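[1] Let's see this in three dimensions:
(2 chains)
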Amino acid sequence: MELVRSHILVCAGTGCSSSGSAKIIASLEDELRAVHLEKEVRVIKTGCFGLCALGPIVVVYPEGSFYSRVTPSDAEEIVREHILKGRVVRRLLYQETVQGNEIKSLNETGFYKKQLRIALRNCGVINPEVIDEYIAFDGYQALSHALTERTPAEIIETIKSSGLRGRGGGGFPTGLKWEFAFKQPPGQKYVCCNADEGDPGAFMDRSILEGDPHSVIEAMAVAGYCIGANQGYIYVRAEYPIAVERLKIAIAQAKEYGLLGENIFGSDFSFDLEIRLGAGAFVCGEETALMTSIEGHRGEPRPRPPFPAVKGLFGKPTILNNVETYANIPWILNNGAEAFRAIGTERSAGTKVFALGGKIVNTGLVEIPMGTTMREVVEEIGGGCPNGKAFKAAQTGGPSGGCIPASMIDTPIEYDTLTAIGSMMGSGGMIIMDEDNCMVDIAKYFLDFTVDESCGKCTPCRIGTKRLYQILDKITNGQGTMEDLDLLEELCYHIKGSSLCGLGQTAPNPVLSTLRHFRHEYEAHVRDRKCPAHVCKALMQYNILENCRGCTACARVCPVSAISGKVKEVHVIDQDKCIKCGACLEKCKFSAIVKE
Amino acid sequence: MPNTKTVVPFTGTAEQEQRLMDVIARHKGQSGATMPVLQEAQAIYGYLPEEVQIKVAEGLGISLSEVYGIASFYTQFSLNPKGQIEVNVCLGTACYVKGAGEILARIERKLGCKAGAVTPDGKFSVDATRCIGACGLAPVIVVDGDVYGRLVPDDVDAILDKYL
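    As a prediction, the model looks like this:
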């Protein structure tokens, strides 16, 4: 066996890849060869570390030095200083890990301290393209134990008593879902995985597939054994090329090792997996629409019942779970239902992964025990809003969810508490907004999305969302009336009550929740014709103040020549010409231009 | 989004047609084959003109209306050719709250081309996409496969100038 003295882990998730981590890996390997250390030091590409805001991330073990915002040109210094001479490159270290002369462990930093990684346990730890690394971390142990020592009923009982609920947003008890399919008469059955992560601004499932694809494959095989299915489908977004590639590699390796295919572990259980690519339709995240899409049709939903557990894919009993749900299964089987139940709260066991984004310092992927408060996520893990701005609201559940206002920042994050305040757990998108975001504009943004994504099969959703959008557009253009607000609310309840599938039933949520928590902002748009956050263009204008030095920078950058004035004199904006692009405000060095 | 029949003449080659026929032969008879075939067809031609849809329908033995129904349903499928250089502006929520709308407006003005369309010379196409998954870099655009992040509207000119 080769003796490796150091490992250099480089994040190869989508976030870090987008900022050039592939080039960093190549540079590190070149540098290592140059100093003849390529046999002693290994460069490993891993899944997401979570702290995407600081990407690309490089971690050197055994020291555990956490380097952030690394560029390919830093590779030389890392190899020559750290690897060759044993001197940590301090200027690249994540500043939070540096305390005077000491370097703290990553687990003591604000971002990681309150996190608990179960679904993400292997992300940023192993190379997702090497099955042996997954196996070394107890991989496929749950499957082997299940196939050789336990009956399907016993496993389903374990999942049920673990309290695991669907992580795709619905929150349905996973064990119960499996039991329904298990109780169907034997015959052709299917296991499906929903990896069609549609919420714009959510990337939990993608990160799991990129960082730990085998955990999903293992869990699907266990599910197949439990319900008596020999075929599984993973429906994954075509927009996730890295995830698709790693899944393909993982499936091929699992087949090679006999962990997929005929007579797994010498049992009479056989299981095969196929990848189906989604093609960019949000509605396909809905279970019946997803199955219609796998069948090769337009991804339109159908009424339930019959539920998929009875009549699903190709008309056969089917279970469909989300990526994160599956990623929890091997951990539960290896550690027991009790251990899982001990984490989180009584009605929401375990952890939840969130994609933290928007106006927050530590953008990235976080996994927290259920019951953690919004305040802990925003202030401690997230590090607050950048530039000292005030936190205004967090939006969870994307286009199906709602917002949690600053006044409710101490709400614990659980399925039921979030639903009670008009938001939802959702699949894990969590967008932070500060004082500069307009809540009416955000509601309009989500409705624009659902209008676009409504499949058109049922009228309440197809026409209702369009009407909602039109009213919101009217309000943000300064033409709304107080009656419009009542109409909005009424329309929302009708759409919720009469739409065919989850898309339509939840599409009004962003409107309802902003109306509930930020009605004063809607009223300001209607009554005072003002957008308090200065976002809605029809309701705001740019003005030049008296402290203008007359440097002419604004006049030169204005794309429509709306700014006039002599050199060294106060300039003026012609409001009729101004298109409110904000280019002048960005250019002004004297803070002499304001939004009003 | 303008996803109607294109006015650009179809210029498929015999070699492309052969590859398409191979794809159809490989998937024929499989349950749920239409989508994978259309995905590979789009990879071959860059888009799905009527001529290609007809071949897929005939090849798989299904109606053209069914093929068109699928091709027009999913946003990944394009019935129009893209520009030589594709400009994708992420309008996912994380990018949107950090001002992606203004970035898109600046790109549209600069290229004289609205989202979903192609410049008259066929060089650039602009599309608004939903989350490319690099939320840590928000707001983000992708030009010809290169990712640019943490943008302010002022960065747009210099980036696009590189491709002009």
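
[2] Below-threshold pLDDT in chain A: ranges please.
    Applying pLDDT under 70 to chain A flags the ranges A:1-2.

[3] give me the residue from it nearest chain B.
    The minimum distance from chain A to chain B, using Cβ to the nearest Cβ, falls at A:Cys52 (2.9 Å). All C-beta spots, glycine's among them, are computed from the backbone N, C-alpha and C.

[4] Please name the nearest non-neighbouring residue to that residue.
    Leaving out its chain neighbours, the residue that sits closest to A:Cys52 by Cβ to Cβ, 6 or more residues apart in numbering or on different chains is B:Gly136, at 2.9 Å.

[5] Please apply the same query to A:Gly299.
    Leaving out its chain neighbours, the residue that sits closest to A:Gly299 by Cβ to Cβ, 6+ apart is A:Ser293, at 3.7 Å.

[6] for the one you found, what are its contacts?
    A:Tyr235, A:Arg276, A:Gly278, A:Ala279, A:Ala281, A:Cys284, A:Gly299, B:Met35 (Cβ atoms under 8 Å, 6 or more residues apart in numbering or on different chains).

[7] Could you check which helix or strand contains it?
    Element membership of A:Ser293 [criterion: DSSP states H and E] is helix A:287-294.

[8] ok and the next helix or strand after that helix relative to helix A:287-294, angle-wise?
    Proceeding N to C from helix A:287-294, the next assigned helix or strand is strand A:318-322, under DSSP H and E. For strand A:318-322 against helix A:287-294, the angle by axes from the mean of the first three to the mean of the last three Cα atoms, to 10 degrees is 100 degrees.

[9] List the buried residues of the helix ranked longest in chain B.
    Longest helix of chain B, by residue count under DSSP state H: helix B:14-27. Within helix B:14-27, the residues scored as buried using 16 or more other Cβ atoms under 10 Å in any protein chain shown are B:Arg19, B:Leu20, B:Val23, B:Ile24, B:His27.

[10] wait, the second one sits on B:Ile54?
    In this case it means B:Leu20. No - at 11.2 Å, B:Leu20 does not count as touching B:Ile54 under the criterion of Cβ atoms under 8 Å.

[11] and the residue of chain A closest to chain B, how many neighbours does it have?
    Using other Cβ atoms under 10 Å in any protein chain shown, A:Cys52 has 31 neighbouring residues.

[12] if I pick it, what's in contact with it?
    Contacts for A:Cys52 were tallied using Cβ under 8 Å, 6+ apart; they are A:Gly13, A:Gly15, A:Cys16, A:Thr363, A:Gly364, A:Leu365, B:Ala134, B:Cys135, B:Gly136, B:Leu137.

[13] how about it, phi and psi?
    Main-chain dihedrals, A:Cys52, degrees, to the nearest 10: phi -60, psi -30.

[14] Number of residues surrounding the one residue in chain B that gets nearest to chain A?
    Here the residue of chain B nearest chain A is B:Gly136; by Cβ to the nearest Cβ that distance is 2.9 Å. For B:Gly136, the neighbour count with other Cβ under 10 Å is 30.

[15] What mean pLDDT does stretch B:112-122 get?
    Mean pLDDT, stretch B:112-122: 88.

[16] export it as PDB, just CAs?
    Written as PDB, here are the backbone C-alpha positions of stretch B:112-122 (Å, rounded to 0.1, in the frame of the first residue of the first chain):
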ATOM      1  CA  GLY B 112     -30.100  45.100 -28.200                       C
ATOM      2  CA  CYS B 113     -31.700  41.800 -27.700                       C
ATOM      3  CA  LYS B 114     -34.400  40.700 -25.200                       C
ATOM      4  CA  ALA B 115     -34.300  37.600 -23.000                       C
ATOM      5  CA  GLY B 116     -35.400  34.600 -25.100                       C
ATOM      6  CA  ALA B 117     -34.200  36.000 -28.400                       C
ATOM      7  CA  VAL B 118     -31.200  36.000 -30.600                       C
ATOM      8  CA  THR B 119     -29.300  39.100 -32.000                       C
ATOM      9  CA  PRO B 120     -30.100  39.700 -35.700                       C
ATOM     10  CA  ASP B 121     -26.500  38.600 -36.700                       C
ATOM     11  CA  GLY B 122     -27.100  35.300 -34.800                       C
END
